[in-house]
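[1] Starting from these lines, generate the structure:
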Amino acid sequence: MNSAWWTILMRFVRFGIVGVSGTLIDFGVTWLCKEKLHWNKYLSNSIGFILAATNNYTWNRLWTFESQNSEIFREYGSFVLIALIGLGLNNFVTWLLHEKAHWNFYLSKLVAVGVVVIWNFSMNYVFTFRM
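    So this is what the prediction gives:
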């Protein structure tokens, strides 16, 4: 494997590690809002996802992509826009699997997270952090 592919692979691994922390935040907040506060499951899902996205931006900027871009607000805006599109994908896949295929809500959400990880890494690699 040449060094360019190795670098991309290592960034993806770091992105994945950061994503685990975001997933814990996402699932924890979703569970808290849905099960304990009895909020709508899709509102709860959205709140968990947004808080996780903010956590992930911070760690991906500092560690995964080691961004030195001084335009933090533009960079954060790009990251959030990609995350919001990812949120739409997340809710759609969760809805599709839970409501239409009758899967367990959390299993549906887990599959949705997998789909969104690929979307988020690809778009942030190309657009947000311009690798």
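[2] CA atoms for contacts and neighbours, from now on please.
    Will do.
[3] for stretch 75-95, what is the average pLDDT?
    For stretch 75-95, mean pLDDT is 93.
[4] Which residues outside it are in contact with it?
    42, 45-46, 49-50, 53-54, 57, 69, 105, 108-109, 111-113, 115-116, 119-120, 123-124, 127-129 (C-alpha atoms under 8 Å, 6 or more residues apart in numbering).
[5] Next: stretch 2-17.
    Contacts of stretch 2-17 (C-alpha under 8 Å, 6+ apart): Asn60, Trp63, Thr64, Phe65, Val117, Phe121.
[6] just the buried members of those?
    Buried by 16 or more other C-alpha atoms under 10 Å: Asn60, Thr64, Phe65, Val117, Phe121, out of the contacts of stretch 2-17.
[7] who touches the helix or strand containing the last one?
    This points to Phe121. Using DSSP states H and E, Phe121 maps to helix 105-123. For helix 105-123, the surrounding residues in contact (C-alpha under 8 Å, 6+ apart) are 12, 15-16, 19, 82-83, 86-87, 89-91, 93-95, 97-98.
[8] Repeat the analysis, applying 6 Å as the threshold.
    Helix 105-123 is contacted by residues Gly86, Asn90, Val93, Thr94, Leu97, His98 when judged by C-alpha atoms under 6 Å, 6 or more residues apart in numbering.
[9] check which helix or strand covers the fourth one.
    Using DSSP H and E, Thr94 maps to helix 72-95.
[10] Dump the C-alpha coordinates for that helix into CSV.
    Provided in CSV are the C-alpha atoms of helix 72-95 (Å, rounded to 0.1, in the frame of the first residue of the first chain):
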residue,chain,number,x,y,z
ILE,A,72,-12.8,27.9,11.8
PHE,A,73,-16.4,29.2,11.3
ARG,A,74,-16.4,28.3,7.6
GLU,A,75,-14.9,24.9,8.4
TYR,A,76,-17.3,24.3,11.2
GLY,A,77,-20.2,25.4,8.9
SER,A,78,-19.1,22.9,6.3
PHE,A,79,-18.8,20.2,8.9
VAL,A,80,-22.3,20.9,10.3
LEU,A,81,-23.8,21.1,6.8
ILE,A,82,-22.4,17.7,6.0
ALA,A,83,-23.6,16.4,9.4
LEU,A,84,-27.1,17.8,8.8
ILE,A,85,-27.3,16.0,5.5
GLY,A,86,-26.0,13.0,7.4
LEU,A,87,-28.8,13.6,9.9
GLY,A,88,-31.3,13.5,7.2
LEU,A,89,-29.8,10.2,5.9
ASN,A,90,-29.7,8.9,9.5
ASN,A,91,-33.4,9.7,10.2
PHE,A,92,-34.4,8.3,6.8
VAL,A,93,-32.5,5.0,7.2
THR,A,94,-33.7,4.7,10.8
TRP,A,95,-37.3,5.4,9.7
